[in-house]
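coordinates for the following, if possible.
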Amino acid sequence: MTTFDEIVPIISDTLREQDANLQKLGAIVVNRDLNGRVRLIVDKKIRDNGEAFAALETIARLLATRLAPHSVSTERMVLVEDDLEIATRGAPHFLLPGFTNVTMVDRLAVDTDWATIAPIADNAPRIVFYSIKGGVGRSTALAVTAWSLAQRGKRVLVLDLDLESPGLSSSLLPPDRRPTYGIADWLVEDLIDNGATIRRDMVTMSNLSHDGEIHVVPAHGREPGEYVAKLGRAWMSKIAADGTRESWPARLARLLNDLEENVRPDVILIDARAGIDEVASACITNLGVRHILLFALDGEQTWSGYRILFRHWHQAGVAKDIRERLQLVGAMIPELGGAEYFDQLREHAWNVFRDELYDEVPAGEPVGERFSFDDNEEGAPHYPWPIKWHRGFAALQSLHSRFEGVDPDEVTAIFGGLIEGVRMVSENTKS
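I've put the predicted structure just below:
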């Protein structure tokens, strides 16, 4: 009896063993349904080719036996389509590693997909603040970064997409400046074509903007209202009158494009939900982001989580599409023993990046064009942008009042590595 994690290895081993028969089939789709059961989808023309059909039956029989209970009976193992593109449309799919004619399709219960990476959007750089675990000071760091960029005269658009744990807006807006609506309100109203009526009332400018501007789009409005009920509908796909279906990540991308067109920011900062869930996936893979800041504390939970995510990208064949957008951020570097802590953080980060994302460089050969970096190479994605722990910035709710009289030198001392990194990548993008 097999388990879910054994499905792909068994399929790969079986198809390599049956390579001669596999080559007779041309393109083939391996479909894993919502319950994790596997079936094969082929072009219906194979039924008219006796040799190819016999090869298909052999492969189907072996997989049905070896994958059980993650398979159907041999008689139901094969589906046929007039066009194999239909079998992959609207679902996460990737070439099975090691094969050029086998596509793996995963039917998921959610619309988001960690393995489909949207191309980088034009115009203002979009930067996501993300962490595997919560409680790392991610939202605080985003607020400080927005404040610092505004100090330099930048127009910043900030989105709170941590919808299940909202609060970023409280660090940049006093209660009397918070807008009437937020992102969750728009996602619900858009389902009935009512989103345009509230869009102007979901963006407001922070009074901390100074030389530049900070435009804030909160998770919810001044009064949350029936927020839990809204969240239960926010992730829904939108079905148009003609039956066309638009996934909620696509709706979110449409909202962001509209906000950008109206605000015309120099940079967009997005606070993503922590963890490997559908909201975080939409922020990282669906919004055309240019940079993804990976916040990390040095601990097994952090590295285990990032390793899972990186390995998924590698297995799906999309690691090269996203790895150059990644940058680790060392969160809450302690005051005592900070140098030693930073060195361990960097080393552990390098181990994960090296194993899962960096190209292997054979001994004695130059790196050349390979995507690979040494452990202590500054500027590498794994080399942390440091943020020092400081009691005065530990509580998000205190930030707004603290910003009003903050010492810029103190901000630089604590967040300087992050701020300078964001400034460089945003300005390099614009140039």
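
domain ranges for this protein, per the record?
For the chain, automatic domain parsing gives the domain ranges 4-106, 126-430.

of those, which is nearest Asp113?
domain 4-106 (4.1 Å; CB to CB). Just so you know, the C-beta spots here come from the backbone N, C-alpha and C atoms, and that holds for glycine as well.

mean confidence (pLDDT) on that closest one, please.
Average pLDDT, domain 4-106: 91.

between the two ends of it, how far is it?
Terminal residues of domain 4-106 lie 12 Å apart, using CA to CA, to the nearest Å.

what residues sit buried inside stretch 97-106?
99, 102-106 (16 or more other CB atoms under 10 Å).

now do stretch 47-62
Neighbour counts over stretch 47-62 (16+ other CB under 10 Å) mark 52-53, 55-56, 59-60, 62 as buried.

repeat for stretch 103-123
The neighbour-count check on stretch 103-123 (16+ other CB under 10 Å) flags 103-106, 111-118, 120-121 as buried.

now, which of those residues lie within strands?
Counting by DSSP state E, these place 103-106 in strands.

now tabulate the buried residues of stretch 103-123 in a markdown table and tack on distance to Glu213.
Putting the buried residues of stretch 103-123 into a markdown table (distance: CB to CB, whole Å) gives the following:
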| residue | distance to Glu213 |
| --- | --- |
| Thr103 | 46 |
| Met104 | 46 |
| Val105 | 45 |
| Asp106 | 42 |
| Asp111 | 33 |
| Thr112 | 31 |
| Asp113 | 34 |
| Trp114 | 33 |
| Ala115 | 36 |
| Thr116 | 33 |
| Ile117 | 30 |
| Ala118 | 27 |
| Ile120 | 24 |
| Ala121 | 20 |
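
and which of these is nearest to Asp277?
Of those, the one sitting nearest to Asp277 (CB to CB) turns out to be Thr112, at 8.2 Å.

what's the pLDDT at the residue nearest the centre of the chain?
Closest to where the C-alpha atoms of the chain average out (CA atoms, centre = their mean) is Ile284, at 2.6 Å. Note on Ile284: pLDDT of 94.

where's the closest residue to Thr204 other than its chain neighbours relative to Leu173, distance?
Excluding the flanking residues, the one nearest Thr204 by CB to CB, 6 or more residues apart in numbering is Pro179, at 4.5 Å. For Pro179, the distance to Leu173 equals 8 Å [CB to CB, to the nearest Å].

give me the common contacts of these two.
Both Pro179 and Leu173 are contacted by 204, 216, 218, under the criterion CB atoms under 8 Å, 6 or more residues apart in numbering.

so which of the residues you listed sit within strands?
In this view, those that belong to strands under DSSP E are 204, 216.

mind checking which of the shared contacts of Pro179 and Leu173 are buried?
204, 216, 218.

lowest-confidence helix or strand of the chain?
The helix or strand of the chain with the lowest confidence, counting by mean pLDDT, DSSP states H and E, is helix 399-403 at a mean of 60.

following it, which helix or strand comes up?
Note on helix 399-403: by DSSP states H and E, the next helix or strand toward the C-terminus is helix 408-430.

quick one: list the elements packing against that next one.
With contacts taken as 3 or more CB pairs under 8 Å, 6 or more residues apart in numbering; DSSP states H and E, helix 408-430 sits against strand 126-131, helix 138-151, strand 291-296, strand 326-333, strand 385-388.

rerun that using 10 Å as the cut-off
Packed against helix 408-430, as judged by 3 or more CB pairs under 10 Å, 6 or more residues apart in numbering; DSSP states H and E, are the following elements: strand 126-131, helix 138-151, strand 267-271, strand 291-296, strand 326-333, strand 385-388, helix 399-403.

follow-up on the earlier one: adding distance to Ile183 as columns, could you present the buried residues of stretch 97-106 in TSV?
Below are the buried residues of stretch 97-106 laid out as TSV (distance: CB to CB, whole Å):
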residue	distance to Ile183
Phe99	40
Val102	39
Thr103	34
Met104	33
Val105	31
Asp106	27
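
now the two most distant members of those residues.
Taking CB to CB as the measure, those span a maximum distance of 15.9 Å, between Phe99 and Asp106.

contacting residues around the nearest residue to Ala118 once chain neighbours are set aside?
Spatial nearest neighbour of Ala118, chain neighbours left out: Gly288 (4.8 Å); criterion: CB to CB, 6+ apart. Going by CB atoms under 10 Å, 6 or more residues apart in numbering, Gly288 touches 117-123, 126, 253, 256-257.

try it again with 7 Å
Residues near Gly288 by CB atoms under 7 Å, 6 or more residues apart in numbering: 118-121, 126.

farthest pair within the residues you listed?
Pro119 and Arg126 (11.7 Å).

hmm, back to that, list phi and psi for the residue nearest to the centre of the chain.
The phi/psi pair for Ile284 (degrees, to the nearest 10) reads phi -90, psi -40.

again, but for Glu278
phi -70, psi -30.

my read is Val156 is in a helix, agree?
No. Per DSSP: H, G, I helix; E, B strand; the rest coil, Val156 lies outside any helix segment and is strand.

surely His390 touches Ala413?
No. Applying CB atoms under 7 Å as the test, His390 and Ala413 come out as separate, 8.3 Å apart.

quick one: which of the two has more around it?
His390 (17 against 11; other CB atoms under 10 Å).

the nearest residue to that one once chain neighbours are set aside and Gly330: what is the separation?
Nearest non-adjacent residue to His390, counting by CB to CB, 6+ apart: Ile414, 4.9 Å away. Ile414 sits 12 Å away from Gly330, going by CB to CB.
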